[in-house]
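Colleague: Everything below, folded, please.
(chains A and B)
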Amino acid sequence: MKRIILSTLLVSFLSVMCLAQNKRNDMPKLDIKTLDGKMISARSILKGKPTVVSFWATWCKPCVKELSAIHDALPDWEDEVDFTMIAISVDDSRSEHRVAPFVKGRSWEFDIYLDPNSDLKRALNVATVPHTFVFDAKGKLVWQHSGYTEGDEEELLEKIKSLSDK
Amino acid sequence: MAKKIVLLFFMVSLSFSIYAQDQGRLSGNFQMDVQSYRADSLIGADAIPEKMALNSYANIRYELGDFSAGLRFEGYMNALQGFDPGYDGVGVPYFFARYRFDDLDFTVGDFYEQFGSGILLRTWEDKFLGVDNAMRGIRVKYHPFEGISLTGVVGKQRLFWEYGPGLIRGLDGELRINDLIPALKDKQTLLSLGGSFVSKYQADDDPVYILPENVGAWAYRFNITRGALHLDSEYAGKINDPSADNNFIYKPGNSLIVNASYAASGLGMNFSVKRVDNMSFRSDRTENLNKLMMGYLPPISKNYTYSLMNLYPYSSQPTGEMGAQGEISYNIRRGTKLGGKYGTQITLNVSMVNSLDKTALNDTTAIGANGTLGYTSEFFKLGKELYYRDYNVEISRKLSKKWKFTGIYQHIAYNQMIMEGKGAVINADLAVLEVTWRLAPKQALRVETQGLWTKEDKGNWAMLLAEYSISPHWFFSVSDQYNYGNPDEEKRVHYLFASFGYVKNANRIQLSYGKQREGILCVGGVCRNVPAMNGFTLSITSSF
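Modeller: Next up is the predicted model:
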């Protein structure tokens, strides 16, 4: 009797752990806006690849520097690693409508989303922009960085490389 | 048997806690700003009896499947100078629990919500500004099927450690036409329509006036996108709402915002117009400054990060204004003669804001006299008084792998009387040159040179900033703002400031020392006055 109970427990224990492992996703269950104005689940932007998510705003100088540096480096990075680059703007209704022309005007090619009342920013505990996150292929948050100084993109590249090596 | 039950209980709870630990996520952040104050009569800085002040915040958030909950600790020991003294002591003013189950999404406790562009309702927070008008109550979001979303809120707004007297009830709906009508699903033109209704209830205990206890307000909006073209607009109106802001007039209010933009590769353009007529909306009719604001009126001007460009910042005038803003950004392609090896970015921006045209009701009543209907205003007529002008051009270019520069020229006209209640219209010319030199792949020197020239107010300013950074951990900077043109020769002061910082992942420590000028700190057109300071500043932020 004891053995039956124990083995049943052990099996359920292990299965719960496996289940938990598969379901892990560190992106909060909140919605963000596409440039077309459609609300989508923030989780849906993680598509089974290592993903860089950078919070920025059109009025934030270091943010624009960081994204410009990534834009310049992107063709080389993509030769080295398979990853997705995403930038989420926290511009509010004052400058939200400037985001699309701003991004297109600079020919940035990565995906841009909007978080106009900072809901996702708050849920990810971002105090100031720029703030950059790296999620692994399973959706686990593996690294984050606050602020930008010239050359920080090299550290970011190292992080994504270390993920794809695994 | 008892032992077995204990063992069973233990193992079940263990497996659940492991399940929870692995699937759930605990996260948070911590922020602390400490400032010491030394008296400096030359710049107008005061010492404070307690010698130093401290603001700190810590958020903790837990998410497990469809459930999330969080709280925020805040501590003001005592509040930094420039923050409202209503912030004092420590407490946990923010907590919530949220559950999303299929199409339904409930939040109880404190929350931040925005309807449309926020004219009627936007609860938000900005720790640097000391703004936090979170609602405490209930929010329900319902998404019955693709293309329809509904949000309902009921609650009161935060005022420091208390809640304002006004009870807010709000409903917002949005329809995405392309998702609703199958025939339009694959069309290139995307259309969405929205509407909101917000009502606040505040008892009338005014000894003089009979005031509306329930103030209703409504807004309609649309959003059309077709390829590179985009047009959106929101119109809002409200019934009469006599308040301290509008000097207790019984006039209804309205506001219109229109944004149009074009975004193609290498070329972006946008144009906005805005009209605001008696649209201050607070959950306490007697409040002022940044307290208990329900609506958010986005200012129609560009936001800058360079110091001198923030000497005369524009903020929205809820009692009335009309304005327009246009911007073109163009990327001269890389590899062309003009564009250089890496391309060149040019941005032109113009913002203009005037007063609202106001006509007296009759010969014997002054415009805006309390207890009257206030004034009449023609919808499309621009008022004659200049509030703000901003003409500027910005050029950024990367010259080589090592050298980058940004140059800005700006001309502004700023109605100081309207914005700050003193002075007159200030005309100023500004120039900024920022050069970044990458000494090594991870080392850079950045130099900012800024100038502001005006005959009014405090006269001319010059600024020099040099920052040396070693990625990914260190930065050092020194700056001097010099008010060399101050008409009062004694006040031609150098504001010297030095800081260094250490960053590791999401941890950041910064220590600064020096003089900071008196100024207005604005985010999103909402501002607070920052007094002059002389002393040390220590800032720590961390997220996990």
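
Colleague: drop to CA atoms for contacts and neighbour counts, all remaining ones
Modeller: Fine.

Colleague: which element follows whichever strand or helix holds B:Tyr235 toward the C-terminus?
Modeller: B:Tyr235 is part of strand B:229-238 when elements are defined by DSSP states H and E. The C-terminal neighbour of strand B:229-238 among helices and strands, as given by DSSP H and E, is strand B:253-264.

Colleague: partners of the helix or strand just after that next one in the sheet?
Modeller: Downstream of strand B:253-264, the next assigned helix or strand under DSSP H and E is strand B:267-277. Applying DSSP bridges, strand B:267-277 is found paired with strand B:253-264 (antiparallel), strand B:320-332 (antiparallel).

Colleague: what angle do the strand holding B:Tyr235 and strand B:253-264 make?
Modeller: 170 degrees (axes from the mean of the first three to the mean of the last three CA atoms, to 10 degrees).

Colleague: check whether strand B:229-238 contacts chain A.
Modeller: No - residues of strand B:229-238 are not located near chain A by CA under 8 Å from any CA of the partner chain, the shortest gap being 8.6 Å.

Colleague: Contacts made by that strand with the rest, please.
Modeller: Residues from elsewhere that reach strand B:229-238 (CA atoms under 8 Å, 6 or more residues apart in numbering or on different chains): B:116-117, B:119-120, B:215-225, B:252-263, B:279.

Colleague: avg pLDDT for that strand?
Modeller: On average, the pLDDT along strand B:229-238 is 97.

Colleague: any low-confidence regions in chain B?
Modeller: Applying pLDDT under 70 to chain B flags residues B:1-23, B:522-526.

Colleague: What segments of it are helices?
Modeller: B:2-23, B:177-180, B:416-420 (DSSP state H).

Colleague: Could you list the low-pLDDT ranges of chain A?
Modeller: By pLDDT under 70, the weakly predicted segments of chain A are A:1-24, A:165-166.

Colleague: residue closest to the middle of it?
Modeller: A:Val53 (2.7 Å; CA atoms, centre = their mean).

Colleague: what kind of secondary structure is that one in?
Modeller: strand (DSSP: H, G, I helix; E, B strand; the rest coil).

Colleague: quick one: it and A:Asp136 touch, right?
Modeller: No - the pair A:Val53 / A:Asp136 is not scored as a contact, 11.1 Å apart, by CA atoms under 8 Å.

Colleague: quick one, what contacts the nearest residue to B:Asp132 once chain neighbours are set aside?
Modeller: Nearest residue to B:Asp132, sequence neighbours excluded (CA to CA, 6 or more residues apart in numbering or on different chains): B:Glu125, at 4.2 Å. Listed by CA under 8 Å, 6+ apart, the contact set of B:Glu125 reads B:131-134.

Colleague: tell me the helices in chain A, going along the chain?
Modeller: A:2-23, A:61-80, A:99-105, A:119-123, A:152-165.

Colleague: mind checking how far the third one is from the chain centre?
Modeller: What that stands for is helix A:99-105. Its chain's C-alpha centre and that of helix A:99-105 lie 20 Å apart, by CA atoms, centre = their mean, to the nearest Å.

Colleague: Can you list the buried residues in that helix?
Modeller: Residues of helix A:99-105 classed as buried by neighbour count (16 or more other CA atoms under 10 Å in any protein chain shown): A:99-105.

Colleague: For it, which helices and strands make contact with it?
Modeller: strand B:253-264, strand B:267-277, strand B:320-332 (3 or more CA pairs under 8 Å, 6 or more residues apart in numbering or on different chains; DSSP states H and E).

Colleague: Kindly reformat these as JSON lines containing mean neighbour count.
Modeller: Below are the helices and strands packed on helix A:99-105 laid out as JSON lines (neighbours: other CA atoms under 10 Å in any protein chain shown):
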{"stretch": "strand B:253-264", "mean neighbour count": "21"}
{"stretch": "strand B:267-277", "mean neighbour count": "23"}
{"stretch": "strand B:320-332", "mean neighbour count": "22"}
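
Colleague: nearest to B:Glu489, of these?
Modeller: strand B:320-332 (37.0 Å; CA to CA).

Colleague: May I have that closest one as PDB, with CA atoms only?
Modeller: Taking Å, rounded to 0.1, in the frame of the first residue of the first chain, the C-alpha atoms of strand B:320-332 are listed here in PDB:
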ATOM      1  CA  GLY B 320      -7.800  76.300 -23.800                       C
ATOM      2  CA  GLU B 321      -5.300  76.100 -26.700                       C
ATOM      3  CA  MET B 322      -5.100  75.400 -30.400                       C
ATOM      4  CA  GLY B 323      -2.000  74.000 -32.000                       C
ATOM      5  CA  ALA B 324      -0.400  72.100 -34.900                       C
ATOM      6  CA  GLN B 325       2.800  70.200 -35.300                       C
ATOM      7  CA  GLY B 326       4.500  68.800 -38.400                       C
ATOM      8  CA  GLU B 327       7.600  66.700 -38.800                       C
ATOM      9  CA  ILE B 328       9.500  65.200 -41.700                       C
ATOM     10  CA  SER B 329      12.400  62.800 -41.200                       C
ATOM     11  CA  TYR B 330      14.400  61.800 -44.200                       C
ATOM     12  CA  ASN B 331      17.200  59.300 -44.500                       C
ATOM     13  CA  ILE B 332      19.800  60.100 -47.200                       C
END
